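Chemist: turn this into a structure:
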Amino acid sequence: MRFREFENRMKALPVFNLNDVRKLDPGFPRQQLYFWHKQGYIKPLAGGYYILADRAMDEMVLFIAANKIYEPSYVSLESALAYYQIIPETVLGVTSVSSRKTKQYESAWGVFSYRSVKPQYMIGYQVIETSPGIKFKIAYLEKALLDYLYLNSKTHSMGDFEGLRWNRNQLHDLLDHSMFTKYVKLFNKRTLENRGTQFLEFLNA
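Modeler: Numbers count the residues shown, from 1 in each chain. Take a look at the predicted model:
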């Protein structure tokens, strides 16, 4: 397959790996991707995934890539909080939650970071479709906040919450307290419930 044909057939996919290519051309040789990378036609992302060299990289493409690079996973923690404009500054790379072991992948666009939770805690995310058939999973605000509190157990006091420098007004306006409390109870951890309660008190102070 010549590159122009490859490009035309793959341009609908924001990111792709060898398996994606072989769905179109079962005999496609692995070394061809390496050759096209050296020629500057495609760029390596992480975890065996690539993008076309002229594709504009934006937040949505990074989120789609994050879901695919390490499955099962969904975008959460700092990246989700930035998506909901709770964190004012741009987060380099993508933070996600997975039921597999904690993992990181370096890339030219920052680190794809995955924090491990138990399979029963892989809940509370929505699926956003960016174009027909192209989707990514991202935590609801309430679950992103809970994932953060669960995985950052040293953040527990009023001073700690104040030190996060989150957009308190935005958080106050967007956070569904009843949904947040429901997710907290599903974890069934007394210490987490206490920290969740303290955080709501901080938010409403």
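Chemist: and residue 134, what does it touch?
Modeler: Counting by C-beta atoms under 8 Å, 6 or more residues apart in numbering, residue 134 touches 12-14, 64. Backbone N, C-alpha and C define where each C-beta goes, glycine included.
Chemist: ok, and the closest non-adjacent residue to the residue sitting nearest the centre point of the chain?
Modeler: The centre of the chain sits closest to residue 75, judged by C-alpha atoms, centre = their mean, with a distance of 2.4 Å. Nearest non-adjacent residue to residue 75, counting by C-beta to C-beta, 6 or more residues apart in numbering: residue 138, 4.2 Å away.
Chemist: and for that neighbour, the neighbour number?
Modeler: Residues lying near residue 138 (other C-beta atoms under 10 Å) number 22.
Chemist: what does it show for phi and psi?
Modeler: The phi/psi pair for residue 138 (degrees, to the nearest 10) reads phi -140, psi 140.
Chemist: roughly how far does it sit from residue 180?
Modeler: Residue 138 sits 16 Å away from residue 180, going by C-beta to C-beta, to the nearest Å.
Chemist: what does residue 73 give?
Modeler: Counting by C-beta to C-beta, the gap from residue 73 to residue 180 is 22 Å.
Chemist: so residue 25 touches residue 1, yeah?
Modeler: Yes: shown here, residue 25 and residue 1 form a contact pair, counting by C-beta atoms under 8 Å, at 5.4 Å.
Chemist: strands of this protein, start to end?
Modeler: Assigned by DSSP state E, the strands in the chain fall at 42-44, 50-52, 73-75, 94-98, 103-105, 112-116, 125-131, 134-139.
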